[in-house]
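Visitor: Predicted model follows, preceded by the sequence.
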Amino acid sequence: MTLRFPILIAILLFPLSLIAGGFEAGEQTSIANGRGGTGVVSKTDASAAYFNPSMLAESEGFNLTLDVNFLNQNLTFQRDPLVTKLGRTEFDEIKNEKSFFPIPFIAASYDFDTDFFAMGFSLFGPHSYGKSCLTEVVDGECITEKDNAARHMLIGNDLLIVFAMLDAAVAFEAPGGTFLIGAGGGIAYQDIKELDLIVDQVSPPRGEPYTENPNFQGRFAIRNATDLVPAYNFGISYISDSGFRIGFSGRPALNWNPRGEFKIQLPDGIKDLVTVSDSEIEIELTQAGSYRLGLGWFGGTHPYDNRKHLYDFEVNFVYEDWGKVDTFKATPNAELVFLETPLSLNPVFQNKSYRDTYSMRLGGSYAVSNFFTILGGGFIETAAQTSAFTNADFVSWERYSGSLGLTYDITDFLNFTVSYTHIFSPDRKVSNGKIFQQVPLSECVGPDYSAPQCTTPGTPPGTSQNEGEWTTSSQVISAGIQVHFQ
């Protein structure tokens, strides 16, 4: 094969960017969303299975939680001008063109007429950035733009992750209070319905600098890459008779291996010369585990429902082990024939260099009348992505949030909650970007890029894609009902 058609391999050996560190924004359920994402020791309904399954043992009778959360991510990127031997290229600012999308949460629990045991079932999707489009949307589709500033990172995606969990909890008498323990398991399902990006990097002659030539580009699209993996969670808690509570819960990391199909939109001068069959893709990626420590104080008696407290205050500390994610790997499984010559496709890697994340979340509630309870809170969270690894796929910068909510007790067995969270992140100016497009014809290969052909050991070939000015913020609107029968 000659270097006249390097785009062909560049499209097939694409840089995968899927799930980023700290890709969950906000928290599940309308009540937790309104109180800064806390819930480790305050959840005593069916949704406890998500926050801390041991607290299910505090639930009474039958409980049903039906929630829907709407997440919107604002993202803008003004890429710095690119100066190459072809000249100076200016880029327009890009932004996410998709708006709010729904994330449901369904949970039910029952105590089997005991005061020491309960079971719960939950079905939910995490607050991931499930839909995005960084180009213009036409008839609901993200179109291809040759000069889009983020085209080598992402055009658009549609990602679905669903957990189905069954949990159980028991309670024991303990000195000065009650000790609770719970655990559960289930399945997690992932479907990469769409993930599109542009690859147009041509491998230059040896010794020549890399350029980005928009005349050599193609659109790569992943469709319906799915996987099903086991998921587990656990929790322990102590509830004192005086009103103090402490709890710890966790969900270990998930190792995903979705498989699906990929489609190639080749330039006009190449597509008639190429035959591609068995167009399958296999992806290897990790979703970090999440671990929570909660402390709370609960006092008084609700003026309408004596099962509830008048007020509470809770602090949660959350740790996610994203630091174990260094690279993502994608392995094409396809037969490619160019002018009757078969070509081999090797696995490719994209460096992520994530860091573990830590957050502190504060929240509380106060019953202001027989029927209304106000909620409030906020959180601060560290970044999984350093500035140099800022990417358009999913955003995990430093985060700061404020939340408000209101619960209306319609009857003694039914209440309705609505809440809002705004998530702020400081703007970023990236001047030493570490996100590069893949250059598959280069002999400088991943995952460590330590070959003698690498100009800078440890650095991929190509040009930096993420240098410039970035802004982001998110909003979560949530509404839900809780049903309780003693």
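Guide: Thanks, I have it. Everything numeric here is computed off the predicted structure, so don't read it as measured data.
Visitor: in whichever helix or strand P332 is part of, what counts as buried?
Guide: In the assignment (DSSP states H and E), P332 maps to strand 327-338. Residues of strand 327-338 classed as buried by neighbour count (16 or more other C-beta atoms under 10 Å): T327, F328, K329, A330, T331, P332, A334, L336, F338. For glycine as for every other residue, the C-beta is placed from the backbone atoms N, C-alpha and C.
Visitor: could you dump those residues to a markdown table with pLDDT and distance to N255?
Guide: Output for the buried residues of strand 327-338, formatted as a markdown table (pLDDT from 0 to 100; distance: C-beta to C-beta, whole Å):
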| residue | pLDDT | distance to N255 |
| --- | --- | --- |
| T327 | 79 | 14 |
| F328 | 78 | 12 |
| K329 | 79 | 12 |
| A330 | 79 | 15 |
| T331 | 81 | 15 |
| P332 | 78 | 20 |
| A334 | 71 | 24 |
| L336 | 71 | 29 |
| F338 | 71 | 35 |
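Visitor: Closest one of the residues you listed to P347?
Guide: T331 (4.4 Å; C-beta to C-beta).
Visitor: Surely the closest one touches F262?
Guide: No - applying C-beta atoms under 8 Å as the test, T331 and F262 come out as separate, 11.2 Å apart.
Visitor: so what sits against both of those two?
Guide: I281 (C-beta atoms under 8 Å, 6 or more residues apart in numbering).
Visitor: quick one: average pLDDT of stretch 80-98?
Guide: The average of the pLDDT scores along stretch 80-98 is 83.
Visitor: If we go by neighbour counts, what in that stretch is buried?
Guide: D80, L82, F91, I94, K95, N96, K98.
Visitor: Next one: the second one relative to D92, how far apart?
Guide: Going back to what we said before, that points to L82. Counting by C-beta to C-beta, to the nearest Å, the gap between L82 and D92 amounts to 13 Å.
Visitor: ends of stretch 318-326, how far apart?
Guide: With C-alpha to C-alpha, to the nearest Å as the measure, the ends of stretch 318-326 fall 21 Å from one another.
Visitor: oh sorry, the question was meant for stretch 134-143
Guide: First residue to last in stretch 134-143 (C-alpha to C-alpha) measures 9 Å.
Visitor: Tell me how many other residues crowd V162.
Guide: 16 (other C-beta atoms under 10 Å).
Visitor: Can we start the residue count at 19 from this point?
Guide: Got it, first residue is 19 now, which makes that one V180.
Visitor: Quick one: distance of the one helix or strand it maps to to the chain centre.
Guide: Assigned by DSSP H and E, V180 falls within strand 174-192. Centre-to-centre, strand 174-192 and its host chain are 16 Å apart (C-alpha atoms, centre = their mean, to the nearest Å).
Visitor: re earlier: which other helices and strands contact the strand holding P350?
Guide: Under the contact criterion of 3 or more C-beta pairs under 8 Å, 6 or more residues apart in numbering; DSSP states H and E, strand 345-356 touches helix 24-30, strand 292-305, strand 359-361, strand 366-369.
Visitor: Quick check, pLDDT for L311.
Guide: So L311 comes in at 98 (pLDDT).
Visitor: For it, what is the enclosing helix or strand?
Guide: Applying DSSP H and E, one finds L311 within strand 308-317.
Visitor: Quick check: buried residues in stretch 239-252?
Guide: Neighbour counts using 16+ other C-beta under 10 Å place A239, I240, R241, A243, D245, A249, Y250, N251, F252 of stretch 239-252 among the buried residues.
Visitor: Now the element after the helix or strand encompassing the first one, going C-ward?
Guide: Secondary-structure element containing A239, defined by DSSP H and E: strand 236-258. Later in the chain than strand 236-258, the nearest helix or strand by DSSP H and E is strand 262-269.
Visitor: ok, that following strand: who's next to it in the sheet?
Guide: strand 236-258 (antiparallel), strand 308-317 (antiparallel) (DSSP bridges).
Visitor: average model confidence for the longest one?
Guide: The average pLDDT within strand 236-258 is 91.
Visitor: ok now that strand, how far from the chain's centre?
Guide: For strand 236-258, the distance to the chain centre is 10 Å (C-alpha atoms, centre = their mean).
Visitor: Dump that strand to PDB, keeping only the CA atoms.
Guide: The C-alpha coordinates for strand 236-258 follow below in PDB (Å, rounded to 0.1, in the frame of the first residue of the first chain):
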ATOM      1  CA  GLY A 236     -13.800  10.400   6.700                       C
ATOM      2  CA  ARG A 237     -16.500   9.800   9.200                       C
ATOM      3  CA  PHE A 238     -16.300   6.900  11.500                       C
ATOM      4  CA  ALA A 239     -19.400   5.700  13.300                       C
ATOM      5  CA  ILE A 240     -20.000   3.100  16.000                       C
ATOM      6  CA  ARG A 241     -23.500   1.600  16.100                       C
ATOM      7  CA  ASN A 242     -25.200  -0.600  18.700                       C
ATOM      8  CA  ALA A 243     -22.100  -1.700  20.600                       C
ATOM      9  CA  THR A 244     -23.500  -3.600  23.600                       C
ATOM     10  CA  ASP A 245     -22.300  -5.400  26.700                       C
ATOM     11  CA  LEU A 246     -23.900  -7.000  29.800                       C
ATOM     12  CA  VAL A 247     -21.800  -7.300  33.000                       C
ATOM     13  CA  PRO A 248     -22.500  -8.300  36.600                       C
ATOM     14  CA  ALA A 249     -22.800  -5.500  39.200                       C
ATOM     15  CA  TYR A 250     -22.600  -5.600  43.000                       C
ATOM     16  CA  ASN A 251     -23.200  -3.200  45.900                       C
ATOM     17  CA  PHE A 252     -23.000  -3.300  49.600                       C
ATOM     18  CA  GLY A 253     -23.600  -1.000  52.700                       C
ATOM     19  CA  ILE A 254     -23.400  -0.900  56.400                       C
ATOM     20  CA  SER A 255     -24.900   1.700  58.800                       C
ATOM     21  CA  TYR A 256     -25.400   2.600  62.400                       C
ATOM     22  CA  ILE A 257     -28.400   4.600  63.700                       C
ATOM     23  CA  SER A 258     -28.200   5.900  67.200                       C
END
